[in-house]
Structures are given as C-alpha cells and as structure tokens.
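In: no FASTA, just this:
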C-alpha cells in the first residue's frame with residue numbers, strides 16, 4: 001500500500017491499495033496525481049495555497065516513535081520517499097467527489113487478510129518449486145541410470161580371464177574373443 005501526505009503541513013492521509021507485486025514506479029501517473037490532489041484538497045492549510053509538495057511512500061516505510069507528536073511520522077528510509085509538486089486542480093477533486101463513497105472498513109482485518117493471501121501465494125509458489133525440483137531430480141536419476149553400466153555390469157554376467165583355459169597356442173584367447181563379440 002502507498003501512503004500520501006502533504007509535506008510539512010497537516011493534512012489527511014490517502015492510502016492507495018496496490019496490487020501484489022506492484023512497486024511505486026508501477027502506479028500510473030494520473031493515479032498519483034489524483035491521490036496527491038486529494039491530499040492537498042483535504043489539508044486545512046494546503047488547500048489555501050496555490051501549490052504544495054506532497055510526499056508518498058510505501059506504508060511499510062512509515063516510522064512512528066513514542067517521542068513524536070500526534071500526527072507526526074518519520075521514515076525508515078528517506079531515500080524511498082517520493083516528493084511531488086501539486087498545484088490546485090478543482091476539476092480532479094470535483095470528479096473524485098462525484099464518485100465518493102464513505103466506508104469505514106476494519107483496516108487491520110483487511111491488512112491481515114491481505115498478508116494471509118500473500119503467505120498462501122508464497123506457500124503455493126514454494127510447493128511448486130519443490131515439486132519441480134523433485135521432478136528434475138527424478139529425471140536426472142533416470143538419465144544417469146540410462147547412461148550407467150550398472151544394469152549390465154553385474155558380477156554374474158562377468159567372466160574372469162582366470163576362467164579361460166590357457167593353452168600353448170593362442171586358440172583359447174581367440175575363442176574367448178569370438179564369444180565376446
């Protein structure tokens with residue numbers, strides 16, 4: 001999820017629910033502008049100004065410590081915070097107000113459900129990887145078995161040169177070689 005807020009002024013917060021796997025760069029530019037304009041319009045001081053800076057980042061990057069005043073937040077990684085100059089644009093606010101719905105969801109429950117979905121997806125992915133690895137290992141063993149001489153090189157199939165009767169001439173060796181081919 002992505003968090004939007006007017007920089008250095010009090011304002012409302014806008015949370016944008018991202019699809020799993022999305023990053024900040026994947027958010028369409030017009031959506032970022034709409035969220036930033038909405039935050040500006042809902043800032044007591046920011047709505048009176050011609051332009052303000054809006055910051056946005058992943059919600060996981062927000063940091064709240066006990067010594068901070070109410071409404072103040074920091075960031076774990078300031079480099080991951082984006083800053084955008086937003087000018088007054090009532091057309092965006094009016095269009096958003098026409099489609100406005102007042103919902104009071106249990107955000108904690110939604111977040112827990114989302115985390116469970118992500119965990120289940122990761123679990124399924126790991127299972128698929130393990131299954132693929134097992135199949136690959138089975139194929140590898142099968143190929144090694146096909147290339148191995150173990151199935152034909154058994155002691156009962158082998159004869160020793162000691163078993164070949166020696167003779168004065170080379171006829172015994174020739175008979176043995178004929179049997180071999």
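Out: Happy to help now that I have it. Bear in mind that the values here come from a model prediction, so they are computed numbers and not experimental data. Numbers count the residues shown, from 1 in each chain.
In: for the closest residue to residue 121 other than its chain neighbours, phi and psi?
Out: Leaving out its chain neighbours, the residue that sits closest to residue 121 by C-beta to C-beta, 6 or more residues apart in numbering is residue 20, at 7.1 Å. Where you see a C-beta, it was placed from the backbone N, CA and C, and this is true even at glycine. Geometry field for residue 20 lists phi and psi as phi -50, psi 130, criterion degrees, to the nearest 10.
In: quick one, what contacts the most centrally placed residue in the chain?
Out: When C-alpha atoms, centre = their mean is applied to the chain, the residue found nearest the centroid is residue 21 (5.4 Å). Counting by C-beta atoms under 8 Å, 6 or more residues apart in numbering, residue 21 touches no other residue.
In: Now do the SS call for residue 142.
Out: Three-state assignment for residue 142 (DSSP: H, G, I helix; E, B strand; the rest coil): helix.
In: what's the answer for the one 10 residues further on, then?
Out: When states are read from three-state DSSP, the local structure at residue 152 comes out as coil.
In: got a pLDDT number for it?
Out: pLDDT, residue 152: 73.
In: burial count for it?
Out: 8 (other C-beta atoms under 10 Å).
In: Now do the same contact list for it.
Out: Residue 152 touches nothing, counting by C-beta under 8 Å, 6+ apart.
In: what's the answer for residue 83, then?
Out: Counting by C-beta under 8 Å, 6+ apart, residue 83 has contacts 7, 53, 54, 55.
In: Next, report how far the host helix or strand of it is displaced from the centre of its chain.
Out: In the assignment (DSSP states H and E), residue 83 maps to strand 82-87. On the basis of C-alpha atoms, centre = their mean, to the nearest Å, strand 82-87 sits 28 Å off its chain's mean C-alpha point.
In: strands paired with it, and their directions?
Out: Paired with strand 82-87 in the same sheet, following DSSP bridges, are strand 51-58 (antiparallel).
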